[in-house]
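In: with the input below, show me the fold.
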Amino acid sequence: MTLDEALKARKSVRAFRPDPVPLDLLKEILELARCSPSGTNIQPWKVHVVAGETRRRLEEEVLAHRETRPTDASAEFPRTSKRKEPYTTRMRTLGKAMYGLLGIPKGDEAANWRQWGRNYQFFDAPVGLIFTIDKDLDAMSFIDIGIFMQSIMLAAKSRGLDTCSQGAWNSFWSVTRRVLNVPDDEYIVCGMSLGYADETAPVNTLVAEREPLDSFATFHGFA
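Out: So this is what the prediction gives:
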């Protein structure tokens with residue numbers, strides 16, 4: 001698969017088959033991702049790759065903690081939740097399409113809560129990745145983390161694997177920190193599911209809309 005093909009084919013997958021991903025293949029993907037650029041080459045990314053019993057324990061303990069009305073239900077680092085147009089409409093359009101495919105009606109809070117909890121099962125993917133960053137780094141280094149994650153997603157897609165990046169993992173971070181022994185001087189930024197897509201799952205037919213070029217690009221100085 002070429003880079004162009006991987007960019008066009010990659011999408012967020014929310015239902016995976018249980019087929020294991022070989023460790024050598026995971027290392028190959030991460031070896032490629034480490035070539036990602038970063039500001040002044042500081043390479044701020046750190047990633048915990050979980051599978052097997054550790055993944056099961058993380059899933060169970062986070063889901064149990066989630067039911068206790070915890071104080072760590074949002075990110076431990078500054079993050080605004082305010083969104084205006086056109087971002088609100090884009091978000092709602094995606095949500096309506098996804099929950100329609102899942103058969104979850106609007107206003108069904110119990111079903112919504114259960115589906116949100118699927119994040120903490122990595123959507124049944126056999127491999128989960130948790131990304132962390134040193135707390136003394138600024139917002140520019142979060143951009144570097146995003147670039148690193150995109151490299152992982154494209155390298156995975158070109159090898160027949162699928163992914164879903166998950167901001168949900170920056171909630172309930174105290175359990176993740178304890179289970180994975182994440183140092184106190186690092187933020188838990190987000191997570192990612194990685195594995196082989198379940199092509200029979202209706203939710204995986206979802207393809208998010210993309211805005212046309214002229215809606216986001218302004219060209220200066222061209223004849």
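In: so for the protein, the centremost residue is which one?
Out: Nearest residue to the geometric centre of the chain (CA atoms, centre = their mean): Ser165, 1.4 Å.
In: what does the pLDDT read for that residue?
Out: For Ser165, the pLDDT comes out at 98.
In: export the lengthiest helix in the chain to PDB, keeping only CA atoms.
Out: Taking DSSP state H as the criterion, the chain has its longest helix at helix 139-157. What follows is helix 139-157 as a C-alpha-only set of coordinates in PDB (Å, rounded to 0.1, in the frame of the first residue of the first chain):
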ATOM      1  CA  ALA A 139       1.500  22.600  24.000                       C
ATOM      2  CA  MET A 140       3.900  22.300  21.000                       C
ATOM      3  CA  SER A 141       5.000  18.900  22.200                       C
ATOM      4  CA  PHE A 142       1.400  17.700  22.100                       C
ATOM      5  CA  ILE A 143       1.500  18.400  18.400                       C
ATOM      6  CA  ASP A 144       4.600  16.100  18.200                       C
ATOM      7  CA  ILE A 145       2.600  13.400  19.900                       C
ATOM      8  CA  GLY A 146      -0.100  13.700  17.300                       C
ATOM      9  CA  ILE A 147       2.400  13.400  14.500                       C
ATOM     10  CA  PHE A 148       3.800  10.300  16.100                       C
ATOM     11  CA  MET A 149       0.400   8.800  16.400                       C
ATOM     12  CA  GLN A 150      -0.400   9.500  12.700                       C
ATOM     13  CA  SER A 151       2.800   7.700  11.800                       C
ATOM     14  CA  ILE A 152       1.700   4.700  13.800                       C
ATOM     15  CA  MET A 153      -1.800   4.700  12.200                       C
ATOM     16  CA  LEU A 154      -0.400   4.900   8.700                       C
ATOM     17  CA  ALA A 155       2.200   2.300   9.200                       C
ATOM     18  CA  ALA A 156      -0.400   0.000  10.700                       C
ATOM     19  CA  LYS A 157      -2.800   0.500   7.900                       C
END
